[in-house]
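S.K.: What follows is a predicted structure for the sequence shown.
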Protein chains: 2
Amino acid sequence: MKPGASPDTFPPRSHEAKRISVVEAAASVFCREGFAGANIDLIAAEAGVSRQTVYNHHGDKEKLFIAVVRDLTERCNAGIFATIATFPDQPGDLEADLVGFAVRMNRNCICNRDGRFLRKLIQAEGERYPELFAEWREQGPGRTWSALAARFARLAYAGHLSIDDPDVAARQFLALVNAELQISFMLGGTPTEEEVLQSAGNGVRTFLRAFGRHKAASHAPRKSALVGA
Amino acid sequence: MKPGASPDTFPPRSHEAKRISVVEAAASVFCREGFAGANIDLIAAEAGVSRQTVYNHHGDKEKLFIAVVRDLTERCNAGIFATIATFPDQPGDLEADLVGFAVRMNRNCICNRDGRFLRKLIQAEGERYPELFAEWREQGPGRTWSALAARFARLAYAGHLSIDDPDVAARQFLALVNAELQISFMLGGTPTEEEVLQSAGNGVRTFLRAFGRHKAASHAPRKSALVGA
DNA sequence: ACAAAATTAGACACTCTTGTCCAAATCGTC
DNA sequence: GACGATTTGGACAAGAGTGTCTAATTTTGT
């Protein structure tokens, strides 16, 4: 369709670009309609290619689905580790820094397109592809939680927190900062920035009540809305 | 088979029994295969009736699906409220009592057949039936969380806990005691009794670190005592 | 036992989808 | 501009699933 009008960095355009386009459209359709309900014609239309091109690139529906999951898994993991790299190892204001971290995690990894899609595919089709999702499980939550636990352990060792079991604390941290987003997650929606902030703020406050080293028990209800990108 | 020997209140047995059988089989198949992937013949076979009987009772596939969701919603809500009724209002050992409550909640409401099925259907098909799941949302989590918050408020008022916002505390309680079961939930599996216990134990310990009145009770309960039953 | 209601099995038309094949058009590259 | 690879649109066969219909059978209520 378009001869050459992409000003960015795409040397090989048509061939790989179409492949990517197909995988992205497929992710969208698989999520919306489920594996059985997904229609190759619709995927092709949404990707702006012909049905035959879909088959040329990916063989059949099942292979396409697997490609979608692998692609999402990879991108999500990359995003999560990139975000974990921003963990506040030397916090100035511990509460504000943890809230910022939680918001980044939610915004960039859990609530974004890839995160929502991957979660939904795992929930809907996980049982049908045990080996595929076992792979995700090891590469994703397994390593993520370990990495996060290590960061919390460091914070505790530096005297900023009082933690018995860093692995438990890491999981509970994530559970707390997402506590108020469960319904949005269930229905596949995207929480508003406000909801994310609120949930993270409340979650971190409770987390610090449990694991913080209380210099002076401050029960000042505040709305720290300083969010770094 | 049995001519007329129903001792209870079931004059027409086969008729209603078949209806229930169909709905249960449908729940199982819809969950396993998704709405689009579910096959009426399979549902009929799994229910032990003929396909025509399915159509006689429920009209078409979509109506059957709606009946399934309503049925699950109703039973789940009943279970949840029955379990909330066992909340430890006058705890002897607060930690042990809360762990017991959390385990009951998980075992009887969240990890059981109905809970797993309903969760999966909401996640997979929620966006397709907005009004149906809006109904679930109001009747389910909305009222559940309120009821639980009221119980926590009462505990706080009685001096057992130190809680700012009972609604937040209730949601965080649930998030904490389920923190380590997320992956099982994702993949639709049933956590072992051990896992449930472990997660509840760790969750309650953290919850009490955050909201417990640590022996040296110094703060007076000064939250609004609006505790309705 | 008898009549009404419900259930069954099977055939059926219809639609939708997958995956293949092919000739024509297009694109990328030289 | 030309050549090879890719893409396209459309037709196609094969299969699966929905929902209807019917005649025969079973169950239920009286």
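M.R.: In hand now; what should we look at?

S.K.: from here on, contacts and neighbour counts on C-alpha atoms
M.R.: Fine.

S.K.: Tell me how far the spatially closest residue to residue A:127 that is not a sequence neighbour lies from residue B:123.
M.R.: Nearest residue to residue A:127, sequence neighbours excluded (CA to CA, 6 or more residues apart in numbering or on different chains): residue B:187, at 6.3 Å. Separation of residue B:187 from residue B:123 (CA to CA, to the nearest Å): 12 Å.

S.K.: With residue A:135 instead?
M.R.: From residue A:135 to residue B:123 the distance is 22 Å (CA to CA).

S.K.: Pick out whichever of those two has more residues nearby.
M.R.: residue B:123 (20 against 12; other CA atoms under 10 Å in any protein chain shown).

S.K.: tell me the contacts of the residue of chain A at minimum distance from chain B?
M.R.: Chain B sits closest to residue A:210 of chain A, with a gap of 4.1 Å, by CA to the nearest CA. Residue A:210 makes contact with B:206-211 under the criterion CA atoms under 8 Å, 6 or more residues apart in numbering or on different chains.

S.K.: let's see it at 6 Å
M.R.: Contacts for residue A:210 (CA atoms under 6 Å, 6 or more residues apart in numbering or on different chains) come out as B:206, B:209-210.

S.K.: nearest to DNA strand D, of the residues you listed?
M.R.: residue B:206 (47.1 Å; CA to the nearest atom of the strand).

S.K.: Next, count neighbours for the closest one.
M.R.: 23.

S.K.: so it is in which element?
M.R.: helix B:193-211 (DSSP states H and E).

S.K.: Tell me the buried residues in that helix?
M.R.: B:196-211 (16 or more other CA atoms under 10 Å in any protein chain shown).

S.K.: quick one: which of these is nearest DNA strand C?
M.R.: Nearest to DNA strand C among the buried residues of helix B:193-211, with distances taken as CA to the nearest atom of the strand, is residue B:196, at 39.2 Å.

S.K.: Please identify the helix or strand for the closest residue to that closest one other than its chain neighbours.
M.R.: The shortest distance from residue B:196 to any residue other than its chain neighbours is 6.5 Å, reached at residue B:103 (CA to CA, 6+ apart). In this assignment (DSSP H and E), residue B:103 forms part of helix B:94-105.

S.K.: Helix B:193-211 and that helix, what's the angle between them?
M.R.: 130 degrees (axes from the mean of the first three to the mean of the last three CA atoms, to 10 degrees).

S.K.: So for helix B:94-105, mean pLDDT?
M.R.: Per-region confidence: helix B:94-105 scores 98 on mean pLDDT.

S.K.: Can you give me the domain boundaries for chain A?
M.R.: A:11-59, A:72-211 (automatic domain parsing).

S.K.: show me where pLDDT drops low in chain A?
M.R.: Residue ranges of chain A with pLDDT under 70: A:1-13, A:215-229.
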